[in-house]
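Asks: make a model of this:
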Amino acid sequence: GISATAVAFVGAIVALLPKIGIIKWNDVDIPWHLLLFSAGAYTLGAGLDITDLPSISVNAFFDHIGIGEETQFWKLYLLLTGVMIFSALIFQSKTMRAMIFIPIAIGVANRFGFDVVSLALPVAFMTEHVYVLPFNSKPAALLYETGQYSLTDTFKFGFTMMVIAWLLNIFAGETWFRFLGITPEGVFGLF
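Replies: Residues are numbered from 1 along each chain as shown. Here you go, the predicted model:
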């Protein structure tokens with residue numbers, strides 16, 4: 001069959017064709033920077049999916065640092081959710097972080113024989129924490145521009161909130177996610 005992407009692309013071209021299309025080119029106000037960013041993100045995701053690069057990278061990294069098949073679930077849970085939330089200190093794009101780290105969580109779950117949702121969902125919940133530094137998100141930049149607090153304050157309170165969010169995610173993994181069957185044994189398997 002024909003892919004949905006091809007159908008959408010052809011439809012957009014037909015809609016914008018001069019003298020034929022239903023929309024005049026000058027009437028369309030397309031934010032090209034967002035369109036190109038989204039296209040790049042989707043291309044990156046498709047490329048990662050086709051090449052299986054996340055699994056290959058994770059396997060090579062884990063083999064290098066000595067994480068083997070006997071590794072317990074809680075270590076993987078803490079590692080993946082911790083890397084995801086604290087990666088916001090380096091990377092500013094939520095989309096890019098999600099496109100990279102969620103496939104890695106899926107690859108880790110597959111490698112170690114865990115349910116994919118048990119690692120991918122908690123990692124996905126850590127995506128939104130981009131408020132530590134002004135460059136992390138538009139709301140953080142707007143708040144910083146008010147001049148009501150310094151960069152040190154931003155980092156101090158933002159980092160504290162990140163740690164709290166990570167601890168709440170761990171607590172949710174032990175309680176709520178366990179109740180829902182996402183982490184059947186909990187994170188640590190305490191009860």
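Asks: what are the ranges of the helices in this structure?
Replies: Assigned by DSSP state H, the helices in the chain fall at 4-16, 32-51, 53-65, 73-86, 94-112, 116-125, 138-145, 151-174, 176-180.
Asks: need these in TSV with distance to Gly186, can you?
Replies: For every residue, glycine as well, the C-beta is placed using N, CA and C. What follows is these, written out as TSV (distance: least, Cβ to Cβ, whole Å):
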stretch	distance to Gly186
helix 4-16	39
helix 32-51	30
helix 53-65	23
helix 73-86	9
helix 94-112	16
helix 116-125	10
helix 138-145	33
helix 151-174	4
helix 176-180	4
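Asks: save those helices as TSV, and put in mean neighbour count and distance to Val187 too.
Replies: Compiled in TSV, the helices of the chain are given as follows (neighbours: other Cβ atoms under 10 Å; distance: least, Cβ to Cβ, whole Å):
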stretch	mean neighbour count	distance to Val187
helix 4-16	11	37
helix 32-51	12	27
helix 53-65	14	19
helix 73-86	20	5
helix 94-112	20	14
helix 116-125	21	9
helix 138-145	13	29
helix 151-174	15	4
helix 176-180	15	8
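Asks: so which of those helices is nearest Gly189?
Replies: Ranking these by proximity to Gly189 (Cβ to Cβ) places helix 73-86 first, at 7.5 Å.
Asks: rewinding a little: could I get the helices of the chain as JSON lines with mean pLDDT and distance to Gly189?
Replies: Shown next, in JSON lines, are the helices of the chain (pLDDT from 0 to 100; distance: least, Cβ to Cβ, whole Å):
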{"stretch": "helix 4-16", "mean pLDDT": "84", "distance to Gly189": "42"}
{"stretch": "helix 32-51", "mean pLDDT": "78", "distance to Gly189": "32"}
{"stretch": "helix 53-65", "mean pLDDT": "83", "distance to Gly189": "21"}
{"stretch": "helix 73-86", "mean pLDDT": "93", "distance to Gly189": "8"}
{"stretch": "helix 94-112", "mean pLDDT": "85", "distance to Gly189": "15"}
{"stretch": "helix 116-125", "mean pLDDT": "94", "distance to Gly189": "12"}
{"stretch": "helix 138-145", "mean pLDDT": "79", "distance to Gly189": "37"}
{"stretch": "helix 151-174", "mean pLDDT": "92", "distance to Gly189": "9"}
{"stretch": "helix 176-180", "mean pLDDT": "91", "distance to Gly189": "9"}
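Asks: thank you kindly, that will do.
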